[in-house]
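Asker: Could you work out the structure for the sequence below:
(4 chains)
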There are 4 protein chains.
Amino acid sequence: MSEIDPQQLAERCAKAMFEQDQASQKLGMKIESVAPGRAELSMTVTEDMIQGHGSCHGGYLFTLADSAFAFSCNTYDKRTVASGCSIDYVYGASLGDRLIATAEEQSRGGRTGVYDITLTNQDGATVALFRGKSYQVRGSVIDSEEQS
Amino acid sequence: MSEIDPQQLAERCAKAMFEQDQASQKLGMKIESVAPGRAELSMTVTEDMIQGHGSCHGGYLFTLADSAFAFSCNTYDKRTVASGCSIDYVYGASLGDRLIATAEEQSRGGRTGVYDITLTNQDGATVALFRGKSYQVRGSVIDSEEQS
Amino acid sequence: MSEIDPQQLAERCAKAMFEQDQASQKLGMKIESVAPGRAELSMTVTEDMIQGHGSCHGGYLFTLADSAFAFSCNTYDKRTVASGCSIDYVYGASLGDRLIATAEEQSRGGRTGVYDITLTNQDGATVALFRGKSYQVRGSVIDSEEQS
Amino acid sequence: MSEIDPQQLAERCAKAMFEQDQASQKLGMKIESVAPGRAELSMTVTEDMIQGHGSCHGGYLFTLADSAFAFSCNTYDKRTVASGCSIDYVYGASLGDRLIATAEEQSRGGRTGVYDITLTNQDGATVALFRGKSYQVRGSVIDSEEQS
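Answerer: The predicted model follows:
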């Protein structure tokens, strides 16, 4: 892989992961951009995501942020999983809202990393702030996806 | 509501919330039990929940725990929302796993509360540990659901 | 207070708080700068802060970050307290290290806010990442400090 | 170490750690009890711990909980450090309050673990809820302390 540049590698990792990621696909997520340690995903709130108080279930806000987190920390072709995450809700999301999750690496060293994901809506309002802790396991992103 | 006992109230709240909660219904969640400050929900991991590394997307583990959290903190007929949550992953979940989320109130005072949700699989193994912070807003659980 | 500009108000709040804050003073913390929604504090790791594994006790890393959080969210002369915080450790701190905590507001609306605090050492290495959730209570920062 | 029983090992680990832990000693912490995966520590709120709003600085609540966490996850003679922690404040602590931190293991597998620490005051009221994530590094607790 030494001949590939970091940006190309990040894009190939994202493509390989997304092809296998039925969960993110079924929710209508779209990868808007990806770069080393970064990813931007979008998703529209559908009726299936509405919960008991009439707004988008926090689980789907989390899921979008979590996918952006996964794509951003797997841009180096080192298979990396989440060890833990936290989310703080700032503003509710409603049916039809177009949400953007922007993931940025805050630190990465040894096998662990910290990533911040900001969730905004179509008006630019912050909907939620997510922080994910990553842990690098064995294996490659591109090859493991191609093999499985 | 003074004539109703706390257990009956908890059950009525859960029934009212679940009827409106398309998200939890669509995911096949089932309320196993509910009591004041407590709730137990179950869900089976389906193909739509599988992500890029071949296991259940963390977002769906979170969503199940988050629903159990919502049901447990809305057992007093005081409309209550999540302000923030954290999850720590302990053990992966795979296609077909039957997951149980058990929510227990750790503290409740003023308008805020802290709830711990343990996610286990069909073998009793701990899959994830979730902590939710609740915030009581205006309104009733039962009436707001009936009105909307 | 309408005649005072936001920067002056932030500085007056910080001065009033620091005078009463024996904890931060005793630990040798110094306010490097303050601005609306922002604060930068420094502290040197002393022998009293060393714990069982020979490095700085995580509690003191937390305490420095927590003070920077408190100063940053109290820059509007609205008395504000922490509701919860999290910290992720990135790199150890040792005896004599000069630590800087930089607090930045991520969101603020209604009575709640989210603040991110980055802890770095004298070499610019990230030591820890802290996220604080604030809650605005009744009262003024400047007056309450002067009265007490 | 095969001849030692788990309870004795936990006690020896705690003794070795505490002797080196200047931070916990200087704050007047006392180990009330220790057992495999568990620890109970106490501390009295002193004037040096008071912050800008007149109550105990959250950093000292965190530090007590963090020490109880460290003692509980180092009871197996496997050197273990914190990777991240979160705290939720429930009730303020004031000058002279006698605080108890009770740490309990929630999960432990591979090199990581999750521990919950409850902070209570002399009246049994919950002051804060702390969750710590541990990471086992190389080395022994007892030997590393004796060597250093």
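Asker: Let me see the contact set for the nearest residue to A:Glu32 once chain neighbours are set aside.
Answerer: Nearest non-adjacent residue to A:Glu32, counting by C-beta to C-beta, 6 or more residues apart in numbering or on different chains: A:Glu40, 4.2 Å away. In this view, the C-beta of every residue, glycine as well, is placed from N, C-alpha and C. Contacts for A:Glu40 (C-beta atoms under 8 Å, 6 or more residues apart in numbering or on different chains) come out as A:31-34, A:68, A:100-103.
Asker: Using ChimeraX, define a selection of the buried residues within the residues you listed.
Answerer: A single ChimeraX command selects the buried members of these (16 or more other C-beta atoms under 10 Å in any protein chain shown):
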select /A:31,34,68,100,101,102,103
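Asker: Would you point out the most distant pair within the contacts of A:Glu40?
Answerer: Maximum pairwise distance among the contacts of A:Glu40 (C-beta to C-beta): 13.6 Å, between A:Val34 and A:Ile100.
Asker: ok so, going back, just the contacts of A:Glu40 now: which is nearest chain C?
Answerer: A:Thr102 (12.6 Å; C-beta to the nearest C-beta).
Asker: Tabulate the contacts of A:Glu40 (JSON lines), appending pLDDT.
Answerer: Shown next, in JSON lines, are those (pLDDT from 0 to 100):
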{"residue": "A:Ile31", "pLDDT": "98"}
{"residue": "A:Glu32", "pLDDT": "98"}
{"residue": "A:Ser33", "pLDDT": "98"}
{"residue": "A:Val34", "pLDDT": "98"}
{"residue": "A:Ala68", "pLDDT": "98"}
{"residue": "A:Ile100", "pLDDT": "98"}
{"residue": "A:Ala101", "pLDDT": "98"}
{"residue": "A:Thr102", "pLDDT": "98"}
{"residue": "A:Ala103", "pLDDT": "98"}
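Asker: Tell me the one among the contacts of A:Glu40 nearest to chain D.
Answerer: Using C-beta to the nearest C-beta, these come closest to chain D at A:Ala103, 18.1 Å.
Asker: Quick check: that closest one vs chain B, distance?
Answerer: Counting by C-beta to the nearest C-beta, to the nearest Å, the gap from A:Ala103 to chain B is 14 Å.
Asker: With A:Cys56 instead?
Answerer: 8 Å.
Asker: Pretty sure that residue sits against A:Arg98.
Answerer: No - here A:Cys56 lies out of contact with A:Arg98, judged by C-beta atoms under 8 Å, at a distance of 11.7 Å.
Asker: Just the pLDDT for A:Glu145.
Answerer: Per-residue confidence at A:Glu145 stands at 47 (pLDDT).
Asker: cool, the one 3 residues further on as well?
Answerer: Looking at A:Ser148, its pLDDT reads 41.
Asker: I'd like the next helix or strand past the host helix or strand of the residue nearest to A:Glu32.
Answerer: In the assignment (DSSP states H and E), A:Glu40 maps to strand A:38-44. Counting by DSSP H and E, the next helix or strand C-terminal to strand A:38-44 is helix A:58-73.
Asker: where do the helices sit along chain A?
Answerer: Remark: helices assigned in chain A by DSSP state H are A:6-20, A:22-26, A:58-73, A:141-147.
Asker: deepest of those, which one?
Answerer: Highest mean neighbour count among the helices of chain A (mean count of other C-beta atoms under 10 Å in any protein chain shown): helix A:58-73, with a mean of 29.
Asker: For stretch A:61-69, what is the distance to the chain centroid?
Answerer: Centroid separation for stretch A:61-69 versus its chain: 5 Å, with C-alpha atoms, centre = their mean, to the nearest Å.
Asker: ok so, going back, distance of the residue nearest to A:Glu32 relative to A:Lys26?
Answerer: 20 Å (C-beta to C-beta, to the nearest Å).
Asker: Please name the bridge partners of the residue nearest to A:Glu32.
Answerer: A:Ser33, A:Thr102 (DSSP bridges).
Asker: Quick check: pLDDT value at it.
Answerer: pLDDT, A:Glu40: 98.
Asker: where does chain A dip in pLDDT?
Answerer: For chain A, the stretches flagged by pLDDT under 70 are A:1-3, A:52-53, A:144-148.
Asker: residues from it in reach of chain D?
Answerer: Contact residues (C-beta under 8 Å from any C-beta of the partner chain) of chain A with chain D: A:83-84, A:86, A:112, A:133.
Asker: ok, which pair from those is furthest apart?
Answerer: Between all members of those, the farthest pair (by C-beta to C-beta) comes out as A:Ser86 and A:Thr112, at 15.4 Å.
Asker: more neighbours, the two?
Answerer: Counted by other C-beta atoms under 10 Å in any protein chain shown, A:Ser86 and A:Thr112 do not tie: A:Ser86 has more neighbours, with 23 against 20.
Asker: what's near enough to touch the closest residue to that one other than its chain neighbours?
Answerer: Residue nearest to A:Ser86 in three dimensions, not counting chain neighbours: B:Ser86, with 3.7 Å by C-beta to C-beta, 6+ apart. By C-beta under 8 Å, 6+ apart, the residues touching B:Ser86 are A:84-87, B:130-131, C:86, D:86, D:131.
Asker: Does B:Ser86 have any beta-bridge partners, and if so which?
Answerer: A:Ser86, B:Arg131.
Asker: one step back: which member of the residues of chain A next to chain D is positioned nearest A:Phe62?
Answerer: A:Ser86 (9.7 Å).
Asker: And the residue nearest the centre of chain A?
Answerer: Nearest to the geometric centre of chain A sits A:Ala68, at 1.2 Å (C-alpha atoms, centre = their mean).
Asker: just checking, that one touches A:Ala101?
Answerer: Yes - between A:Ala68 and A:Ala101 a contact is recorded at 3.7 Å, counting by C-beta under 8 Å.
Asker: what sits in contact with each of the two?
Answerer: Common contact partners of A:Ala68 and A:Ala101 (C-beta under 8 Å, 6+ apart): A:40-41, A:117.
Asker: now these as JSON lines including distance to C:Met17?
Answerer: Shown next, in JSON lines, are the shared contacts of A:Ala68 and A:Ala101 (distance: C-beta to C-beta, whole Å):
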{"residue": "A:Glu40", "distance to C:Met17": "38"}
{"residue": "A:Leu41", "distance to C:Met17": "40"}
{"residue": "A:Ile117", "distance to C:Met17": "32"}
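Asker: Could you check how far A:Asp5 is from C:Thr102?
Answerer: On the measure of C-beta to C-beta, A:Asp5 and C:Thr102 end up 32 Å apart.
Asker: With that, I have no additional questions.
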